[in-house]
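1. Sharing a model that was predicted from the sequence below.
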Amino acid sequence: MSWLVSFLNPFAEGRIFSRKAKEASVEWIFGPATSELYRAAKRYCDETNHIPEEKLRNSLTEANIFASRLQIREILNAAENKDRISVGKFMLCVQEILTNANCRHPRQRNRKCSLETSQRPTKNSPSFQVFLGGSCNPTTWRAEFAIPFLTKNYISFYNPQVSEWRPQLVQIEQEAKDNAQVLLYMIDNRTRCAASMVELAQLAGHDREVFVVIEKYPAPGWVIGYGEPLSTTEFNELQLAQCYLVDLLEKSSIPIFESMETALVGVKKCIEEELSVKNLKVTDGVQPVLHGHLVVGKKLICAQEVFKAFDYNNRGNLDLKSACEAFRTITGKKLNERQIQAQSRRGLITLDQFCAILAEFDQDSESSWGNSLFNGLLMVRNLLDLLSPLPECYCEPPTVTESFQYDIYLGGYWDDSSWQNRIAVPKLKKHGITFYKPQRSEFAAGMVAADNFAEEQSRVLLFIICGDMRGSAVMMEASFHISKNHRVILCINDIPDGGTVEGEPLSENAIKDYNRARAYLADLALRHHIPVLDDVEQAVDTAIEKVFVFNRENASK
């Protein structure tokens, strides 16, 4: 009877449904879980029973899922549709997040003292409550907004922006940053912020309490610094770098503020109430992100592939017996035909209904899917195949128990004559080393979903920052993974005086800005005992040796 109440609940609330809407609701509701998920989806569905991309985040929030922008792209890509998702596929993706992370609404979390518990351990008590990081000269956001607000509210702060810099300030600034309760960073559109973005990626990886404001660059020709107009190429790269930064911050569940005023109010609230920035809500002026580290869509991809395998005649539906067999193939569990017969049409189950069936009757975490017949081959091969067009890669068929899919991730920009094709790929194939070569992301799109998954599935991450590239996005990725203590090999070359990128001359200030970011990354790597090389061939050899060492150590266990 309780199941019947849940089933009828959408109609018992006094709402008026068209006959089409009633029929649609029956299609996807197989029990209490899908009934709840349908309520979250239907409010934002269009006339074709799909949720458009622009409403997907709202629909996820309705289901108590606070997803990152990268996760939303992963969901849409997994659904094999870049601008909308069907109801059943939406249900399965939401259930995947809920079961893998045991998601709860922020109001249900223990918010007391979360600022204190997320703080990095230090030897001494914090000297300052707030560290003011990010854009410096010629910006004035510290003097105009931050310092007056913090002073008025009796909040101590450290300002690294000084009129006359001296070497002794390096250690003082580092200690202030390490010991501050809160780090407030402005990534504005008046400077390139190359080093600050690399630094923020590292802080995100270390799980620090970071408040970040990002101002977008309006258009090519926008003037930065002391009178430098941005070329179209550099504008596109800076825009992409900001999108990468957002993705990396949200992977650590750090929300983004759109204005300094809103961020300062959030800082005050978190300090006074001992809250973490990760526990702020929409009413605080941010879009919360919870469990941003999860890769989403793996269950959906597996479901689609298994469904296709059982749909022998390519009719787009399965009979009840085949649907139950497909369910058992994925989950290892039995499903009775009577449990799904009422929602079928003439005894047939569509792909969308099959996804809803999985969402209702299998609410185990993705790790339990590892016992299925198809999981070993499908979970990895098809994830990279379906999330986006398959990039060049070389790998052996994975086993169910294998932790990693690739030996080496080849991080960096490339073209047909790049270091990857000329040096890395021939060497790796010669030694039988599996590898993944990432795609060049479309400008302003952010991280590619398949690349994000491949990074997590690679034993060694090799990042090459050449002297003929600006490289902000690649440097941020490397910084993030270094802070996560992943196996990273770095090759860094400075941009030479008079250097060019894709034939475009760089200004003296641009070269200084991007080389300053390289210096920060190299120093970070050395502090983490990570090799920093300046020769690509040597870096590839070092990565190969790292793989061999890893394999020998695991073979001896």
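-> Okay, I see it. Quick caveat, the model's predicted, so the values are computed rather than measured.

2. C-alpha only now, for contacts and for neighbours.
-> OK.

3. In contact with the closest residue to Glu258 other than its chain neighbours, which residues?
-> In this structure, Glu258 finds its nearest non-sequential neighbour in Val213, 5.6 Å apart by Cα to Cα, 6 or more residues apart in numbering. Contact partners of Val213, counting by Cα atoms under 8 Å, 6 or more residues apart in numbering, are 185-188, 256-260, 263.

4. Could you verify that Val213 is part of a strand?
-> Yes: checked against DSSP: H, G, I helix; E, B strand; the rest coil, Val213 lies within a strand.

5. which residues does it bridge with?
-> Met186, Phe257 (DSSP bridges).

6. phi, psi of Arg84?
-> phi -170, psi 170 (degrees, to the nearest 10).

7. Next up, the contacts around it.
-> Arg84 neighbours (Cα under 8 Å, 6+ apart): 50-53, 56, 76.

8. Try it again at 7 Å.
-> 50-53, 76 (Cα atoms under 7 Å, 6 or more residues apart in numbering).

9. And the contacts of Val213, which is closest to Ile465?
-> Ile187 (22.1 Å; Cα to Cα).

10. May I ask which two of the contacts of Val213 are separated the most?
-> Based on Cα to Cα, the longest span within the contacts of Val213 runs between Asp188 and Ala263 and measures 13.6 Å.

11. who's more crowded, those two?
-> Ala263 (24 against 19; other Cα atoms under 10 Å).

12. quick one: contacts for that one?
-> Counting by Cα under 7 Å, 6+ apart, Ala263 has contacts 211, 257.

13. any weak-confidence spans in the stretch 101-250 of the chain?
-> 102-126, 165, 167 (pLDDT under 70).

14. One more pass at 80, please.
-> Within the stretch 101-250 of the chain, the stretches with pLDDT under 80 are 101-127, 162-170.

15. same deal with the chain?
-> In the chain (pLDDT under 80), the answer is 1-26, 81-82, 101-127, 162-170, 363-404, 413-418, 439-446, 449, 555-557.

16. who does the lengthiest strand in it pair up with?
-> If you go by DSSP state E, the chain has its longest strand at strand 458-465. Neighbouring strands of strand 458-465 in its sheet, by DSSP bridges, are strand 406-411 (parallel), strand 488-492 (parallel).

17. Let me have those in JSON lines, adding distance to Asp523 and mean neighbour count as columns.
-> Output for these, formatted as JSON lines (distance: least, Cα to Cα, whole Å; neighbours: other Cα atoms under 10 Å):
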{"stretch": "strand 406-411", "distance to Asp523": "19", "mean neighbour count": "25"}
{"stretch": "strand 488-492", "distance to Asp523": "11", "mean neighbour count": "23"}
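
18. by contact count, what packs against the helix or strand in which Ala478 is found?
-> For Ala478, the element it lies in under DSSP states H and E is helix 472-483. For helix 472-483, the packing partners by 3 or more Cα pairs under 7 Å, 6 or more residues apart in numbering; DSSP states H and E come out as helix 194-205, helix 232-251, helix 508-527.

19. hmm, back to that, tell me how far the longest strand of the chain is from the chain's mean position?
-> Mean C-alpha position of strand 458-465 versus that of the full chain (Cα atoms, centre = their mean, to the nearest Å) differs by 18 Å.

20. which other residues reach that strand?
-> In this structure, residues lying in contact with strand 458-465 by Cα under 7 Å, 6+ apart are 404-412, 471, 478, 487-493, 543, 547.

21. tilt between it and helix 508-527?
-> 150 degrees (axes from the mean of the first three to the mean of the last three Cα atoms, to 10 degrees).

22. how about strand 458-465 as PDB, C-alpha atoms only?
-> The C-alpha trace of strand 458-465 is given here as PDB (Å, rounded to 0.1, in the frame of the first residue of the first chain):
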ATOM      1  CA  SER A 458      46.200   7.200 -15.200                       C
ATOM      2  CA  ARG A 459      49.100   5.900 -13.200                       C
ATOM      3  CA  VAL A 460      51.400   8.800 -14.100                       C
ATOM      4  CA  LEU A 461      50.500  12.300 -15.200                       C
ATOM      5  CA  LEU A 462      53.000  13.900 -17.600                       C
ATOM      6  CA  PHE A 463      52.600  17.600 -18.100                       C
ATOM      7  CA  ILE A 464      54.700  19.400 -20.700                       C
ATOM      8  CA  ILE A 465      54.700  23.200 -20.600                       C
END
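
23. what angle do it and helix 472-483 make?
-> Going by the same axes, to 10 degrees, strand 458-465 makes 140 degrees with helix 472-483.

24. so how far is Val94 from Lys298?
-> 12 Å (Cα to Cα, to the nearest Å).

25. Likewise for Leu335?
-> 21 Å.

26. Ala79 too?
-> 13 Å.

27. just to revisit the earlier point, export the helices and strands packed on helix 472-483 as CSV, with columns for distance to Asp535 and mean neighbour count.
-> Shown next, in CSV, are those (distance: least, Cα to Cα, whole Å; neighbours: other Cα under 10 Å):
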stretch, distance to Asp535, mean neighbour count
helix 194-205, 22, 24
helix 232-251, 25, 22
helix 508-527, 14, 18
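
28. Looking at these, which is nearest to Ala323?
-> helix 232-251 (35.2 Å).

29. Which neighbouring elements make contact with the host helix or strand of Ala41?
-> Ala41 is part of helix 32-42 when elements are defined by DSSP H and E. Applying 3+ Cα pairs under 7 Å, 6+ apart, one finds that helix 32-42 contacts helix 2-12, helix 53-62, helix 87-101, helix 351-361.

30. Residues in contact with the last one: which ones?
-> Helix 351-361 is contacted by residues 27-28, 30-31, 33-34, 88-89, 91-92, 95, 303, 307, 316-317 when judged by Cα under 7 Å, 6+ apart.

31. same question, the longest one
-> The contact list for helix 87-101 (Cα under 7 Å, 6+ apart) reads 28, 34, 37, 41, 49-50, 75, 79, 291, 296-297, 299-300, 352-353, 355-356, 358-359, 363-366.

32. chain center to that helix: distance?
-> Relative to where its chain is centred, helix 87-101 has its mean C-alpha point 17 Å off (Cα atoms, centre = their mean).

33. swap in the last one?
-> Relative to its parent chain, helix 351-361 has a centroid offset of 26 Å by Cα atoms, centre = their mean.

34. In PDB, list the C-alpha atoms belonging to it.
-> C-alpha atoms of helix 351-361 as PDB (Å, rounded to 0.1, in the frame of the first residue of the first chain):
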ATOM      1  CA  LEU A 351      15.800   2.800 -23.000                       C
ATOM      2  CA  ASP A 352      14.500   5.700 -20.900                       C
ATOM      3  CA  GLN A 353      12.400   3.300 -18.900                       C
ATOM      4  CA  PHE A 354      15.300   0.900 -18.500                       C
ATOM      5  CA  CYS A 355      17.300   3.800 -16.900                       C
ATOM      6  CA  ALA A 356      14.400   4.500 -14.600                       C
ATOM      7  CA  ILE A 357      14.300   0.800 -13.700                       C
ATOM      8  CA  LEU A 358      17.900   0.800 -12.700                       C
ATOM      9  CA  ALA A 359      17.400   4.000 -10.700                       C
ATOM     10  CA  GLU A 360      14.500   2.300  -8.800                       C
ATOM     11  CA  PHE A 361      15.700  -1.200  -8.200                       C
END
